[in-house]
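K.L.:
got a predicted structure plus its sequence, pasted below:
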Amino acid sequence: MKKAKIISAVLFAALVLAGCNEEDRSSGSQQGDSVYSENTENSTSDVQSSEAQSSEAQSSTAPQDQTSSETQSVSSAPDNSSVQSDTSTPGTPQQSGSDPEANSALTIRGNKVVDCDENAETVVIPQGIDEIDEYAFADCKKLQSVTIAGTVRDIEDFAFRGCTSLVSITIPAGTDDVSDSAFDGCTALKEINVENGNREYSSIDGVLYGKGKTELIRLPEGKSGDFSIPGGVYEIDDKAFANTGIKSIVIPDAVREIGESAFEGCNSLTSVTLGNGITEIEERTFKNCSSLTSVTLPDSVREIEYSAFEGCEKVSVSYKGKTYSYAQINELYRAANGR
C-alpha cells in the first residue's frame, strides 16, 4: 500500500514537470515570434525610409541638373552682338555692297587704297578707308563703276588717271580734298557728282564746283560741245577744262581768275572770249589747243605768261585793237607785259 502511494507521487511529479516544460516552450516560441515580427517590421520601415530619402535626394538634385543644362545651352549660343561690335570697330575697313568680289581687287594698307587690279570692272571701296592714294586706280582701263565709301576724305593726285571706261563717279559727303589731277585721262567721264551735305564741293549737271558754286573746279573730260559758265562763278581752277571736248566758251565778266593749264589739251576748242574781269593769263592756259583759231582778250589783261599759247599754231589773238598771229605771239607777250 505504501509502495503504491510512492509510485503515484512520482508519476504526479513527472506530469507536473512535463506541463511546465510545455508552457516554457510555448512562451519561448511566442517570444521568438514577437522578436521576429519586430525585427521584420523594423527592417521594412528602414527600407521604406531609405527609399523615401533616395526619392527626396533625386527630387532635390533634378532642378540643379536642369539649371546646368540651361546654362550650357546659353553659353553655347553664338553671341551675335559681340561679333557685330568687333566688325564695326572704328578705322577697320568694312565691305560695302552685296558683292564680296567688288572690292577683292583692291590693295589696302592701313586705311588707304594704294592699288587695284587693272582688270577690275566694278569696285566698292569699303567703309573705314579714308584715303585713295596717288595712282591707286591709274590705268585701270576696264574700270566702269566705283562706289566710294563715305569715310573717304582725300582723293590724291592721279588717283584715277587713265580710267578710260569710267563714265560717272560720285564724291561722298565726307570727302573734303579732291586733287585737280585725280581724273586726268578719264576720257569717257561725263559726270562728277557730289552727295548732299558735302562741306567743300557741289555739282551742277555733272560738273564739279566748290560748295558755294563760285569756283569751277573740274569739267569731266568726257564733256563736249559748247559750255556756258554759270553766273556767280568768279574763279576757274587749274586744269578745270583740260583735255575736254568743248568747242567754244564765253567767260563772263564776273570771272576774276583763270588757273594754270585751265584749257590745256582742248583739241576741239576753236574760240574763246574772255570777260573784263580777267587781268592775267596764267602758264599753259591754252597750251596745245591745236584747233584754237580765235581768242579775244579784254583790255583788263596786264600779264600773259610765255607758255600761255604754246602749241596753238592756228591761233589769232585780238588784244587792244590789234590781232596777233601765232608767229607774232612773243610780240603779244611783250605788249601785254609792258616790255
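P.N.:
Noted; the coordinates are in hand. A quick note: this is a predicted structure, and the numbers were derived from the prediction, not measured. Numbering: from 1, shown residues only.
K.L.:
C-alpha from now on. contacts and neighbour counts both.
P.N.:
Fine.
K.L.:
can you get me a residue count around the residue nearest to F241 when sequence neighbours are not counted?
P.N.:
Excluding its sequence neighbours, the residue lying closest to F241 (Cα to Cα, 6 or more residues apart in numbering) is F263, at 4.9 Å. Look at F263: counted by other Cα atoms under 10 Å, it has 25 neighbours.
K.L.:
wouldn't F263 be in contact with I281 here?
P.N.:
No - here F263 does not reach I281: they are 11.2 Å apart, not a contact under Cα atoms under 8 Å.
K.L.:
any idea how far S291 is from S316?
P.N.:
Counting by Cα to Cα, to the nearest Å, the gap between S316 and S291 amounts to 11 Å.
K.L.:
one step back: residue contacts, the residue nearest to F241?
P.N.:
K239, A240, F241, A242, N243, T285, F286, K287, C289 (Cα atoms under 8 Å, 6 or more residues apart in numbering).
K.L.:
what residue ranges in the stretch 201-339 of the chain score low on pLDDT?
P.N.:
Nowhere does the stretch 201-339 of the chain drop to pLDDT under 70.
K.L.:
quick one, helices of it?
P.N.:
In the stretch 201-339 of the chain, the helices defined using DSSP state H, counting those that start in this stretch lie at 329-337.
K.L.:
and the strands in it?
P.N.:
201-204, 207-210, 215-218, 224-228, 235-236, 245-251, 257-258, 271-274, 280-281, 294-297, 303-304, 316-319, 322-325 (DSSP state E, counting those that start in this stretch).
K.L.:
ends of stretch 143-160, how far apart?
P.N.:
Stretch 143-160 end-to-end distance (Cα to Cα) = 10 Å.
K.L.:
got the buried residues for it?
P.N.:
By 16 or more other Cα atoms under 10 Å, the buried positions in stretch 143-160 come out as 143-160.
K.L.:
same question, stretch 185-198
P.N.:
G185, C186, T187, A188, L189, K190, E191, I192, N193, V194, N198.
K.L.:
identify the residues contacting stretch 284-291?
P.N.:
258-270, 305, 307-315.
K.L.:
could you do stretch 219-235 as well?
P.N.:
Identification of contacts with stretch 219-235 by Cα under 8 Å, 6+ apart yields 167, 183-192, 206-208, 213-216, 240-252, 254-259.
K.L.:
give me the buried entries from those residues.
P.N.:
Buried among these by 16+ other Cα under 10 Å: 167, 183-192, 206-208, 213-216, 240-249, 251-252, 254-259.
K.L.:
and the pLDDT at S104?
P.N.:
For S104, the pLDDT comes out at 82.
K.L.:
around it, how many other residues sit close by?
P.N.:
Neighbours of S104 under the rule other Cα under 10 Å: 15.
K.L.:
same question for T323.
P.N.:
15.
K.L.:
surely it is in contact with E331?
P.N.:
No - using Cα under 8 Å, T323 is not in contact with E331, being 10.6 Å away.
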